[in-house]
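Trainee: give me the fold of what follows.
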Amino acid sequence: MLFRGIRFGLRGKLLLLSSFLFVIPWFGYQYVWEMEKYLRYGQEQTIVGTARALATALHERPKLFENQASFLPSVEKGKDLYGYQLNEPIQLDGLKQDWPKFEHGTFYYTDKHLIKNDANNELLQPSISFSASVGKYDKYLYLFFSVIDNSTTFRGENARSIVKNDHLLLSFINEDEQFKRFIISNKKAGWLSAFEVIEESTIDGQATESLIPAPKIQGHWLPTNQGNNIELRLPLTDIGDKIAFAIADVDEENGNVLSTIGSANPENLASLGTILVPSPEIERIVNGMSHTNSSIWVIDHHHRVLASAGSLKTAGGFWQSNRLPNDLNDNSLWQQFKSKVLLPLYYKILTKPPTNFIDKLYDAQNLTGKHIVKALSGKATSQWRLTTDQQALVLSAAYPIFIEGDVKGAVIVEETTNGIRTLRNQALEKLFSVILAIMILGALTFLLFASRITSRIRALSNQAEMAIDEHGRITGDIVTSYTNDEIGDLSRSFSRAIERLKQYNHYLENMSSRLSHELRTPIAVVKTSLENLKFQQQNDNNNSSQLYIERAQTGINTLNQILTNMSEATRLEQILTNTEKSVFNIKQVIAGCTLGYQEVYKGVNFKLNFIKTDDNEPLSINGSPEHIVQLLDKVINNAVDFSEDQLISIDVIKYKAHIEIRISNNGIPLPEAMVNGLFDSMISIRTQGKHSEPHLGLGLYIARLICHFHQGNISASNHDSPKGVTITIELPLFTKALN
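Mentor: Take a look at the predicted model:
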């Protein structure tokens with residue numbers, strides 16, 4: 001009931017059916033997502049295979065790990081050091097601005113790391129502390145010390161001792177397993193003065209020490225507001241896997257050392273800590289696998305990084321290095337339309353893989369994670385994780401490295417899904433473009449097909465409406481279609497039906513004239529016979545027979561009048577067909593007819609009003625004045641018959657292109673069902689008792705025929721105060737523009 005008044009044409013129905021084409025991109029979208037799942041599974045198997053292959057290359061090679069101090073059961077922070085891989089060489093100027101900001105790359109040494117204190121005052125708190133950073137670049141190991149000291153004491157110009165002032169102690173084991181000790185003691189700020197301590201034995205077996213310059217240790221001593229910055233480097237070829245350093249604090253020139261703080265006692269070989277720097281040999285092996293476009297890490301069982309290669313921002317795997325071409329240099333109209341219109345529309349749904357994501361899960365020294373813990377326990381595993389900024393999805397695989405049956409390290413391989421997401425987006429772009437083109441072409445095809453069908457059906461509907469006028473008369477034909485489809489069949493069926501109805505209506509329209517013609521002869525015979533009989537009876541003076549003869553004569557006259565009325569409409573149509581039109585002043589015709597009606601209908605008051613026109617202004621129409629008089633006669637006769645107060649109003653209203661003649665009478669209003677059918681043929685609402693003359697309902701039908709002949713219209717309506725009926729006649733005015 002709600003949608004009963006809504007028109008839903010063929011175009012809308014076909015477009016609604018074509019909307020099911022939108023299911024196709026949904027299925028395509030789901031298919032691409034399933035494809036991405038399989039690609040992720042393939043990527044997972046690939047990086048697990050990469051980790052396995054690299055771990056296999058490192059199996060049972062103990063020297064790679066023994067040299068990196070991976071043999072220790074545990075490591076101690078601050079004592080066991082890690083050299084971070086630097087991305088660029090360090091300028092030895094005592095400033096830390098060119099050192100990368102490692103979150104865990106700096107260790108702070110305080111009184112908890114006290115090695116020696118003043119023997120005369122054991123309770124004296126150390127007045128110094130420092131932080132140390134260790135890094136590796138190319139063939140050098142770099143160290144940076146930021147010392148906090150309330151007083152800086154340099155070595156005197158003529159001082160023979162190098163330990164009666166603030167100084168740095170450095171010891172390590174070289175590659176030949178020799179214990180090397182160094183003292184860095186400056187006379188002033190600037191380039192470092194480094195000395196190697198050489199132990200010698202005397203004849204009596206006592207050990208003596210001598211100092212020789214150590215030019216391989218290079219660096220800078222820079223005083224600061226808080227103390228000193230000491231920056232130095234030494235060749236990696238001179239360093240083994242053990243090291244220690246300490247800073248001695250002297251507050252007065254040629255004074256004693258108040259306290260010594262450091263990673264370990266540099267004078268005791270057994271107390272040295274370990275140092276781990278990325279292994280060149282492991283790095284060469286890893287770099288051989290870096291062509292897989294993965295981020296690779298090799299760690300020992302202390303989670304310390306032995307080597308690394310690649311970056312997550314470029315680790316997109318096979319799929320990223322073999323992406324579909326993007327036609328960036330294509331300046332065709334299609335490419336411009338795609339880049340400016342389609343792609344912004346697509347990426348309302350799709351998401352571009354991020355390129356500037358941030359991942360700080362791993363420290364450059366220690367790697368953590370459940371998959372790494374499992375790998376170091378001997379179980380290969382993989383996991384998916386998000387970067388720390390939640391922007392990129394990372395796939396990690398960890399595989400253990402076995403040496404003599406024990407896990408000595410692990411290989412971690414990582415890739416982002418950016419490559420797969422790029423492939424997915426490009427596949428969806430192509431899929432959406434193809435489906436969009438198919439849908440547009442399909443919708444246009446459906447629309448054209450629906451328009452063609454609709455136009456044919458509408459043309460057939462218009463022909464059917466034009467073939468039958470509003471009064472049910474057949475006034476035209478339907479053009480027969482020879483199209484071999486259902487609409488063609490319908491057109492031919494309509495054409496045959498209209499032709500049959502036309503023949504039948506023609507028969508009905510001519511039936512009254514034929515009936516009138518056929519009845520007039522016997523009526524004339526009866527009438528003549530009755531007249532002769534009447535004449536004879538008048539001579540015989542038979543009064544009783546005279547009464548019946550008069551009744552028969554009255555019936556014959558009534559029947560004759562009925563036949564005359566039946567043939568009047570047919571004759572009028574034939575007369576109007578051959579009538580020539582002329583221009584005349586209808587105002588004069590109406591005024592003359594009104595005067596005549598006043599004489600004919602005694603006791604009836606006719607009130608004529610000309611509205612919106614001057615008395616001398618003519619109202620010209622193109623038509624037949626005789627038939628306009630006949631039109632007015634029929635309407636006035638009808639108004640007089642139904643008037644109850646014997647008042648008939650005739651209002652003539654002029655408009656721009658037509659006039660209206662309103663003839664009103666006060667009386668019984670028209671039934672609502674008769675308002676639209678009052679002017680049809682053989683329609684009458686007269687009661688037989690009130691009107692003695694026979695009426696077949698042809699008067700107003702004839703009036704309508706005359707109106708249509710003059711390109712006008714006639715209608716009836718009820719009015720109130722008082723109640724009654726108004727007949728409105730609309731006739732077009734004749735103007736020079738129309739002429």
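Trainee: output the below-cut-off pLDDT ranges for the stretch 351-500 of the chain.
Mentor: Low-confidence regions of the stretch 351-500 of the chain, defined here as pLDDT under 70, cover residues 351-366, 471.
Trainee: break down it into its strands, ranges please.
Mentor: For the stretch 351-500 of the chain, the strands defined by DSSP state E, counting those that start in this stretch cover 381-386, 393-403, 406-416.
Trainee: partner strands of the second one, with direction?
Mentor: Looking back up the chat, that one is strand 393-403. Taking DSSP bridges as the criterion, strand 393-403 forms sheet pairs with strand 381-386 (antiparallel), strand 406-416 (antiparallel).
Trainee: can I get the ones you listed in CSV including mean neighbour count?
Mentor: Any C-beta I mention is one placed from the backbone N, CA and C, and that applies to glycine too. Shown next, in CSV, are the strands paired with strand 393-403 (neighbours: other CB atoms under 10 Å):
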stretch, mean neighbour count
strand 381-386, 16
strand 406-416, 24
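Trainee: how about the helices in the protein?
Mentor: Assigned by DSSP state H, the chain shows helices spanning 10-18, 23-58, 63-66, 280-289, 317-321, 333-337, 343-346, 370-376, 418-467, 486-540, 543-577, 586-600, 625-642, 699-709.
Trainee: OK, contacts around the nearest residue to Ser127 once chain neighbours are set aside?
Mentor: Closest residue in space to Ser127, ignoring its immediate chain neighbours: Asn150 at 5.3 Å, by CB to CB, 6 or more residues apart in numbering. Applying CB atoms under 8 Å, 6 or more residues apart in numbering, we find Asn150 in contact with 127-128, 227, 251.
Trainee: which among the strands of the stretch 351-500 of the chain is found nearest to Leu54?
Mentor: Across those, Leu54 has its closest neighbour in strand 406-416 (4.6 Å, CB to CB).
Trainee: wait, Gly310 sits on Val298?
Mentor: No - if you go by CB atoms under 8 Å, Gly310 and Val298 don't touch, sitting 12.0 Å apart.
Trainee: the helices of the chain: lowest mean pLDDT?
Mentor: Comparing mean pLDDT across those, the weakest is helix 317-321, with a mean of 46.
Trainee: quick one, domains of this protein?
Mentor: Following automatic domain parsing, the chain resolves into domains at 21-64+292-426, 81-278, 503-571, 579-732.
Trainee: name the nearest residue to Gln218, sequence neighbours excluded.
Mentor: Nearest non-adjacent residue to Gln218, counting by CB to CB, 6+ apart: Arg233, 5.7 Å away.
Trainee: distance to Tyr655 added to the helices of the chain, as JSON lines?
Mentor: Output for the helices of the chain, formatted as JSON lines (distance: least, CB to CB, whole Å):
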{"stretch": "helix 10-18", "distance to Tyr655": "39"}
{"stretch": "helix 23-58", "distance to Tyr655": "59"}
{"stretch": "helix 63-66", "distance to Tyr655": "110"}
{"stretch": "helix 280-289", "distance to Tyr655": "97"}
{"stretch": "helix 317-321", "distance to Tyr655": "80"}
{"stretch": "helix 333-337", "distance to Tyr655": "56"}
{"stretch": "helix 343-346", "distance to Tyr655": "56"}
{"stretch": "helix 370-376", "distance to Tyr655": "94"}
{"stretch": "helix 418-467", "distance to Tyr655": "28"}
{"stretch": "helix 486-540", "distance to Tyr655": "34"}
{"stretch": "helix 543-577", "distance to Tyr655": "25"}
{"stretch": "helix 586-600", "distance to Tyr655": "14"}
{"stretch": "helix 625-642", "distance to Tyr655": "18"}
{"stretch": "helix 699-709", "distance to Tyr655": "16"}
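Trainee: Asp389 is nearest to which of the ones you listed?
Mentor: Closest of the helices of the chain to Asp389 is helix 418-467, at 14.1 Å (criterion: CB to CB).
Trainee: helices and strands around the closest one, which ones?
Mentor: Of the remaining helices and strands, those touching helix 418-467 by 3 or more CB pairs under 8 Å, 6 or more residues apart in numbering; DSSP states H and E are helix 10-18, helix 23-58, helix 317-321, helix 343-346, helix 486-540.
Trainee: now that helix against helix 23-58, angle please.
Mentor: Taking axes from the mean of the first three to the mean of the last three CA atoms, to 10 degrees, one finds that helix 418-467 is oriented at 170 degrees with respect to helix 23-58.
Trainee: dump the strands of the stretch 351-500 of the chain to a markdown table, plus distance to Gln463.
Mentor: Written out in a markdown table, the entries for the strands of the stretch 351-500 of the chain read as follows (distance: least, CB to CB, whole Å):
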| stretch | distance to Gln463 |
| --- | --- |
| strand 381-386 | 70 |
| strand 393-403 | 67 |
| strand 406-416 | 69 |
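Trainee: about what we covered before: neighbours of the residue nearest to Gln218, how many?
Mentor: Using other CB atoms under 10 Å, Arg233 has 22 other residues around it.
Trainee: so what's it up against?
Mentor: 90, 92, 140-143, 217-219.
Trainee: that one bridge partners, please.
Mentor: On the basis of DSSP bridges, Arg233 takes part in beta bridges with Tyr142, Gln218.
Trainee: for Phe130, see how far away it is.
Mentor: With distances taken as CB to CB, to the nearest Å, Arg233 is found 18 Å from Phe130.
Trainee: do Asn666 as well
Mentor: Here the distance between Asn666 and Phe130 works out to 122 Å (CB to CB).
Trainee: show me which of the two is the more surrounded one.
Mentor: For the pair Asn666 and Phe130, the greater number of neighbours falls to Phe130 (26 against 20), based on other CB under 10 Å.
Trainee: how about the nearest residue to that one, chain neighbours excluded?
Mentor: Nearest to Phe130 is Val147, by CB to CB, 6+ apart, at 4.3 Å.
Trainee: tell me if I'm right that the one you found and Glu231 touch.
Mentor: No - no contact is recorded between Val147 and Glu231 when judged using CB under 8 Å, the distance being 11.4 Å.
Trainee: ok so, going back, check the residue nearest to Ser127 and give its pLDDT.
Mentor: Looking at Asn150, its pLDDT reads 87.
Trainee: which pLDDT value does the model give Leu143?
Mentor: The per-residue pLDDT reported for Leu143 equals 94.
Trainee: and Asn665, by the same measure?
Mentor: If you check Asn665, the pLDDT there is 92.
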